[in-house]
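J.: Sequence and computational prediction follow.
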Amino acid sequence: MATKPYRMSQGEILRGSTAGQIGKLGTYWHTIRHLKWSQLTARIHFRLARPRPRHVRANSCRQSGEWIRPVDRTISLVGSNHFTFLNRTYDLDEIGWDNPSIDKLWRYNLHYFDDLAAKDAASRSTTHCALIERWIAENPPAGGSGWEPYPVSLRIVNWIKWLLAGNNPSPDMLNSLATQADWLTKRLEHHLLGNHLFVNAKALVFAGLFFEGGDADRWLALGLNLLRREIDAQILADGGHFELSPMYHALILEDVLDLYNVCRAYNHRLRGRTAIQQELAHRMLRWLSVMTHPDGEIAFFNDAAFGIAPRLSDLIAYAERLDLQKPAKLTDGVLHLTESGYIRIQQDRIVALLDVGRVGPYYQPGHAHADTLSFELSIDNVRVFVNSGTSEYGIGPERSRQRGTAAHNTVTVDERDSSEVWGGFRVARRAEPKGLSIEQSDRDVTITCSHDGYLRLPGRVVHTRQWHIASSCLIIRDEFSGRVCKAVSKLHASPDMHFQRVQDHEFIGKIGEQPVLVVFSAPSAPYMENTTWHPEFGRSLPNQSLSAASSGEPITTSLRW
């Protein structure tokens, strides 16, 4: 029987509108309240200030010592004017430097000039010279995306790396470099902090060491002071970068090695004022080795993808060229990165990586996902269960989905995220881990942790997860206190894994000829869905997810191999 469409009364509309407005205000409040006061004042200043660029005539360059070859970036100049970033290729002659129809992250990459530090860059030196001169001619100071502080910072470093590698600058290039460094001092990203302010400081150190004169001395002093402060703030005691993304950690580690390199090359100029110590690089290398799967690539916690940051092996090779100590090989056992909140369990054929940490840093969670109590698993050097990765930035439904809890190997309650991720790079109320315990006996390991991210729901739910690893098995038990309408535990399989249902509650996949059995113990029958995995920006691969649901009863998931 046909029904009439329901039309809300005026009172219902007003009540719904008011509730929506209150909800938005609450989201803003729970986001803003974690910011530092200095961030808020810096944000106002950054938006309102209208500094004028100063055209700086460059002084002579300082004499440097030995510059060690850094990590080779990925080749992005694939023709005289064709560039590939984020798995998309465009012709510069057709799109120009700042076409608004092109994603901003792609345009940012165009202005970084990473190809100057890419593999076989010397063979493209003539093209690079022409490209630099074209950029200077077509990007006047302070105009467009290319003059925003983050791309300015990366471009300064890449241009100076190119010159330290033996290329000859034109007067226009040197003047532009000096102008960019001076402009950067007026647009430092104190409102964002985190990795942005770190690379601002790095660029000022590079420029301050490269040039002579009073301006260069000012840039160097400012950069070094910022670096010392930000290293203390951003690098945790366990060596991790405080944004808790293995991808951004690797980028900051590369920055640290570059800074050690340039400070060593200009040691006569610094007189012991360097902010980078060997111990810092070693701690950060060890952290990255803990958060790397046996296939040599990073784990996907928070914003993370392949192809953006250097691989662990490339960073270790760079460190060795700098005569720095490489991290010891990891052996079987449990490693707890206490301050970061990650645990690595390595045993016989498996490596499991667990997230029992906070969303952090609380005042800059822009790269955080709602992935509390998620995990990834490799067996026989093959990824079996994976978080879903990151293929895009910006604001939109796909970005929100990839940051959401359901895209990770953990539990959603009543179709909500454990932390309120929103707006592309924002987080309102955050899950707080509680009650972590680590128990070991012989070769059995039991990790238990809870989080309160669902206490904000009407049912006041606390999720507790236990991982128990014994010989050839992992048993996960999810329990809930409070009132639950629907809890769903998800496992996202790597695209290398293909599962089939063998019984109502059982699925089987294979690594080569070796079986992997997944058995759910839940009130309702588990189900399998076709989903996507995002190993790189601009790239999505089909994969499967296995899910089990309950209305508050415990869910047990047994993995055997």
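T.: Sure thing, it's come through.
J.: for the lengthiest strand in the chain, which positions count as buried?
T.: Criterion DSSP state E: the longest strand present in the chain is strand 539-550. For strand 539-550, the buried set under the neighbour-count rule, 16 or more other CB atoms under 10 Å, comprises Arg539, Ser540, Asn543, Gln544, Ser545, Leu546, Ser547, Ala548, Ala549, Ser550. Backbone N, C-alpha and C define where each C-beta goes, glycine included.
J.: excluding its backbone neighbours, what's nearest the second one?
T.: Counting by CB to CB, 6 or more residues apart in numbering, Thr532 is the residue found nearest to Ser540 once chain neighbours are left out, at 4.4 Å.
J.: pLDDT at the one you found, what is it?
T.: For Thr532, the model assigns a pLDDT of 97.
J.: Can you give me the neighbour number for Lys119?
T.: If you count neighbours by other CB atoms under 10 Å, Lys119 ends up with 12.
J.: can I assume Arg443 is in contact with Ala470?
T.: Yes - Arg443 lies in contact with Ala470 (CB atoms under 8 Å); the separation is 7.0 Å.
J.: Now flag whichever of the buried residues of strand 539-550 is closest to Lys486.
T.: Within the buried residues of strand 539-550, proximity to Lys486 (CB to CB) peaks at Ala549, which comes in at 5.9 Å.
J.: check contacts around that closest one.
T.: By CB atoms under 8 Å, 6 or more residues apart in numbering, the residues touching Ala549 are Lys486, Ala487, Val488, Ser489, Ala522, Pro523, Ser524, Pro526, Ile555.
J.: which residues does it bridge with?
T.: When bridges are called by DSSP bridges, Ala549 pairs up with Val488.
J.: My guess is Glu432 contacts Ser450. True?
T.: No - counting by CB under 8 Å, Glu432 stays clear of Ser450, with 9.3 Å between them.
J.: Same drill for these two, tell me which one is more crowded.
T.: Comparing Glu432 with Ser450 by neighbour count (other CB under 10 Å), the higher total belongs to Ser450, at 22 against 14.
J.: quick one: secondary structure of that one?
T.: Put simply, Ser450 is strand when judged by DSSP: H, G, I helix; E, B strand; the rest coil.
J.: Could you report the pLDDT at it?
T.: We note a pLDDT of 98 for Ser450 in this prediction.
J.: Touching, it and Ala431? I think so.
T.: No - look at Ser450 against Ala431 with CB under 8 Å: they stay out of range, at 9.7 Å.
J.: Past the longest strand of the chain, which element shows up next along the chain?
T.: strand 555-560 (DSSP states H and E).
J.: Now do the buried residues in that next one.
T.: Ile555, Thr556, Thr557, Ser558, Leu559.
J.: One more: stretch 214-232?
T.: Buried, per 16+ other CB under 10 Å, within stretch 214-232: Asp215, Ala216, Trp219, Leu220, Leu222, Gly223, Leu224, Leu226, Leu227, Glu230, Ile231.
J.: Contacts for the strand or helix carrying the first one next, please.
T.: It refers to Asp215. Element membership for Asp215, per DSSP H and E: helix 214-234. For helix 214-234, contacts defined as CB under 8 Å, 6+ apart pick out 56, 59, 62, 178, 181-182, 185, 188, 193-195, 197-198, 200-211, 241-243, 252, 259, 273-276, 280.
J.: Run the angle between whichever helix or strand comes after it and helix 214-234 for me.
T.: Going down the chain from helix 214-234, the next helix or strand is helix 246-265, by DSSP H and E. If you take axes from the mean of the first three to the mean of the last three CA atoms, to 10 degrees, helix 246-265 sits at 140 degrees to helix 214-234.
J.: Output the buried residues of strand 555-560 as CSV; include the columns distance to Leu337.
T.: Shown next, in CSV, are the buried residues of strand 555-560 (distance: CB to CB, whole Å):
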residue, distance to Leu337
Ile555, 27
Thr556, 27
Thr557, 24
Ser558, 27
Leu559, 23
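J.: Please state the offset of stretch 434-444 from the chain centre?
T.: Stretch 434-444 sits 28 Å away from the centroid of its parent chain (CA atoms, centre = their mean, to the nearest Å).
J.: Do a quick rundown of the strands in the stretch 451-561 of the chain.
T.: Per DSSP state E, counting those that start in this stretch, the stretch 451-561 of the chain carries strands over the ranges 462-470, 473-481, 487-492, 500-503, 506-511, 514-521, 527-536, 539-550, 555-560.
J.: For Leu288, see how far away the nearest residue to Ser340 once chain neighbours are set aside is.
T.: Excluding its sequence neighbours, the residue lying closest to Ser340 (CB to CB, 6+ apart) is Gly240, at 3.8 Å. The gap separating Gly240 from Leu288 is 9 Å, by CB to CB, to the nearest Å.
J.: ditto for Trp159
T.: Note on Trp159: its distance to Leu288, by CB to CB, is 27 Å.
J.: When the two are compared, which one has more neighbours?
T.: Shown here are Trp159 and Leu288; by other CB under 10 Å, Trp159 has more neighbours (27 against 24).
J.: OK, contacts around the more buried one?
T.: Taking CB under 8 Å, 6+ apart, we find Trp159 in contact with Phe113, Leu116, Ile132, Met173, Leu177.
J.: Which helix or which strand is home to it?
T.: Trp159 belongs to helix 149-164, assigned by DSSP H and E.
J.: where does the stretch 301-450 of the chain have low pLDDT?
T.: Scanning the stretch 301-450 of the chain for pLDDT under 70 picks out nothing.
J.: which stretches of it form strands?
T.: Under DSSP E, counting those that start in this stretch, the stretch 301-450 of the chain gives strands at 333-337, 342-347, 350-355, 375-379, 382-385, 411-413, 421-422, 426-427, 433-441, 444-451.
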